[in-house]
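A.B. asks: please find the sequence and the predicted model below.
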Amino acid sequence: MRGLVRTVLGDVDPASLGSLDYHEHLFHASPLLPGEDLVDEEASTAECLSFLASGFGGLIDATPLGLGRRPEALGRIAARTGATIVASTGRHRDAHYADGVYDDLDLEALFLRELTDGIAASDSQPEGARAVAPDGALMRAGQVKVGIDYWRISPAERRAITAAGAAHRATGAPVMVHTERASAVFELLDELAKEGVAASRVAIAHADRNPDPGLHAEIAATGAYLGYDGAARLRDWPESVLLDCLEKVVSAGHGDRVLIGGDVARASSWSALGGLPGLAYLGRRYVPRVRDVIGSVATNRLLVTNPARYLTWSTA
Ligand SMILES: [Zn+2]
């Protein structure tokens with residue numbers, strides 16, 4: 001399995017991926033976001049089609065365990081639209097879950113099973129039947145997603161990080177980490193290193209919610225990927241701040257460590273549900289600005305080369 005990218009419709013050659021958005025949610029439901037659940041397969045299909053029309057070829061669905069994953073629906077959407085979709089196993093930060101949920105489960109076994117045997121068909125039955133793709137094949141996750149809080153890594157979050165490390169060592173699957181404004185990144189990378197996860201196999205989600213180019217250059221120097229996913233979200237600064245930060249990081253020689261995503265993730269933000277700006281915003285509005293700032297070659301690296309390298313199963 002090493003050397004391949006694991007999508008919901010099977011393993012593919014990394015060179016075949018095309019332009020990939022490293023962070024979206026085609027299905028999502030969390031008590032943290034009341035009224036914002038993404039649970040309608042037709043809407044997810046329509047949103048995915050508008051996303052593809054904006055110039056992308058695929059996405060990582062970054063929804064981990066217990067947050068409304070619909071793996072079989074993801075498989076149908078991939079088959080119907082032609083999108084390349086990579087699904088996630090893993091556990092988010094504590095704030096998304098009721099107290100104690102998953103405390104009695106063997107997360108290491110669960111993550112590994114979802115990467116190698118198949119994703120749980122029902123998110124409420126993590127140890128139940130496995131999801132099946134439209135062609136009858138078992139569907140597997142392509143990455144592990146975990147999460148930490150703002151300058152805090154709780155015992156349960158630490159347990160998920162340990163389990164992610166074990167699953168990574170066994171498979172080479174990449175590890176994405178939700179951070180709150182890129183806090184505690186170095187502490188997190190230390191924890192992962194102790195578990196045998198090289199920084200170069202880790203993506204730091206939401207790096208540009210703290211658009212500090214000096215910090216980003218230091219993070220990139222460890223080998224970790226910087227997830228830039230703040231453009232289509234609520235921000236306290238103009239998009240130019242994100243673009244300036246990106247330009248500085250690329251100029252400092254770290255253009256091979258940046259991933260671009262939308263993380264739109266809210267019903268009120270989906271065009272298929274009458275909202276704005278929609279998944280197409282990234283391709284239609286943001287990517288052209290990125291191209292203007294860093295040029296086409298560097299932009300293609302962000303959209304094509306880097307996600308393919310990140311997603312390729314390998315332990316180093
Ligand atoms: Zn997200």
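C.D. replies: Alright, I've got the coordinates. Numbers count the residues shown, from 1 in each chain.

A.B. asks: now the residue in the chain that the ion sits nearest to: how far from Cys48?
C.D. replies: With Cβ to the ion, the shortest gap between the chain and the ion falls at Asp263, namely 4.2 Å. Where C-beta positions appear, they are placed from N, C-alpha and C, glycine not excepted. Relative to Cys48, Asp263 is positioned 15 Å away (Cβ to Cβ, to the nearest Å).

A.B. asks: cool, Val241 as well?
C.D. replies: Separation of Val241 from Cys48 (Cβ to Cβ): 29 Å.

A.B. asks: more neighbours, those two?
C.D. replies: Neighbour tally, Val241 and Cys48, criterion other Cβ atoms under 10 Å: the higher count belongs to Cys48, 25 against 14.

A.B. asks: could you give the average pLDDT over stretch 250-267?
C.D. replies: Average pLDDT, stretch 250-267: 97.

A.B. asks: just the CA coordinates of it, formatted as CSV?
C.D. replies: C-alpha atoms of stretch 250-267 as CSV (Å, rounded to 0.1, in the frame of the first residue of the first chain):
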residue,chain,number,x,y,z
VAL,A,250,7.0,30.9,-0.4
SER,A,251,9.8,33.5,-0.9
ALA,A,252,11.6,32.0,2.2
GLY,A,253,11.8,28.8,0.3
HIS,A,254,8.9,26.9,1.8
GLY,A,255,6.6,26.6,-1.2
ASP,A,256,6.8,22.9,-1.0
ARG,A,257,5.2,22.9,2.5
VAL,A,258,1.9,24.7,1.8
LEU,A,259,-1.5,23.1,1.2
ILE,A,260,-4.6,25.1,0.1
GLY,A,261,-8.1,24.3,1.3
GLY,A,262,-11.5,25.9,1.9
ASP,A,263,-12.9,24.2,5.0
VAL,A,264,-16.2,25.8,4.2
ALA,A,265,-18.0,23.2,6.4
ARG,A,266,-21.2,25.1,7.2
ALA,A,267,-24.7,24.8,5.7
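
A.B. asks: got the buried residues for that stretch?
C.D. replies: Using 16 or more other Cβ atoms under 10 Å as the test for burial, stretch 250-267 gives 250, 254-255, 257-267.

A.B. asks: then stretch 306-316?
C.D. replies: Under 16+ other Cβ under 10 Å, the buried positions of stretch 306-316 are 306-314.

A.B. asks: check stretch 164-178 too.
C.D. replies: Buried-residue list, stretch 164-178, by 16+ other Cβ under 10 Å: 164-168, 171-178.

A.B. asks: does Phe51 touch Tyr281 like I think?
C.D. replies: No: taking Cβ atoms under 8 Å as the definition, Phe51 is not a contact partner of Tyr281, at 9.4 Å.

A.B. asks: who's more crowded, those two?
C.D. replies: Phe51 (29 against 21).

A.B. asks: helix or strand: which one has the more buried one?
C.D. replies: Element membership for Phe51 (DSSP states H and E) is helix 41-53.

A.B. asks: and the contacts of that helix?
C.D. replies: Outside helix 41-53, the residues that touch it by Cβ atoms under 8 Å, 6 or more residues apart in numbering are 21, 24, 26-27, 38, 59, 70, 73, 76-77, 80-83, 270-273, 278-280, 282-283.

A.B. asks: and stretch 151-165, by the same measure?
C.D. replies: With Cβ under 8 Å, 6+ apart as the criterion, stretch 151-165 contacts 90-91, 93-94, 102-103, 107-108, 110-111, 144, 146-149, 175, 180, 183-184, 187-188, 191-192, 194-197.
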